[in-house]
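A.B. asks: sequence? don't have it. structure:
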């Protein structure tokens, strides 16, 4: 990794489940020495034990970064143990959903540099996207360090204010589940039209994955790509007349879905 401060002062990973493991694997693949990493996890996987990182031992007193990847309900128990690292040069990066920056400042000290991040599950195959936002003490330097760290598992975008995290949760944080459900229902619709179940699922998975890859790699907008596939009075137009219906189609449905997720994110943050 480019960040020599991490290699010198160390990186602490608090919690190493699927998301933490994906990130750690990415860091090690990019050249971060395993001797520069300390992991605290009550149930380490066999893979984690094989990495050679410092596992469940005493932590450095002032690591460069602490990445907090514990489940939100474990935060109140896990974070106070790191209070001595607060109000200093250690940057805290949190990928815990529903936990605001203010919680870290209240627990660790008001001068603590904090970056809050919202990744999504495709990070497990380094195809994720993570949104980040920092407090004043993190500054541009802290955001740069967090982006370098999180880019190991995909793209990174920066938010202008923490309140946008709730919208990100609704779009990309929870969004993979919407796509997985679309695959389920697209395959089921294929079965209704006479396809074998396994074939319908294969067609649905490949179609969604291929369309997503094309949308990312193409210079054209998603709207233009849709137009490219749609012949006048053809089969795609017939389907889109159903899906694009302003009352019952995707526009109304996804607005409600994203709003529901964002509203729930706000509720969780309020406790």
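C.D. replies: Done, it's in. Treat the numbers as computed from the prediction; the structure is a model and nothing was measured.
A.B. asks: point to the residue nearest the middle of this protein.
C.D. replies: Taking Cα atoms, centre = their mean, the centroid of the chain lies closest to residue 119, which sits 1.1 Å from it.
A.B. asks: how close does it get to residue 245?
C.D. replies: Distance of residue 119 to residue 245, computed by Cβ to Cβ, to the nearest Å: 33 Å. The way it works is simple: take the backbone N, C-alpha and C, and place the C-beta from them, glycine included.
A.B. asks: repeat that for residue 211.
C.D. replies: With Cβ to Cβ as the criterion, residue 211 and residue 245 are 20 Å apart.
A.B. asks: element containing residue 131, please.
C.D. replies: strand 128-134 (DSSP states H and E).
A.B. asks: just how off-centre is that strand within its chain?
C.D. replies: 7 Å (Cα atoms, centre = their mean, to the nearest Å).
A.B. asks: swap in stretch 57-64?
C.D. replies: Distance, centroid of stretch 57-64 to centroid of chain: 25 Å (Cα atoms, centre = their mean).
A.B. asks: how about the helices in the stretch 51-200 of the chain?
C.D. replies: With DSSP state H, counting those that start in this stretch as the definition, the stretch 51-200 of the chain shows helices at residue ranges 75-78, 101-108, 139-150, 164-168, 175-192, 197-217.
A.B. asks: so which residues of this protein form strands?
C.D. replies: 11-14, 37-40, 54-55, 65-68, 91-94, 114-118, 128-134, 154-158 (DSSP state E).
A.B. asks: just to revisit the earlier point, the closest residue to the residue nearest to the centre of the chain other than its chain neighbours pairs with what?
C.D. replies: The shortest distance from residue 119 to any non-neighbouring residue, by Cβ to Cβ, 6 or more residues apart in numbering, is to residue 130 (4.1 Å). Legend: beta-bridge partners of residue 130 under DSSP bridges are residue 156.
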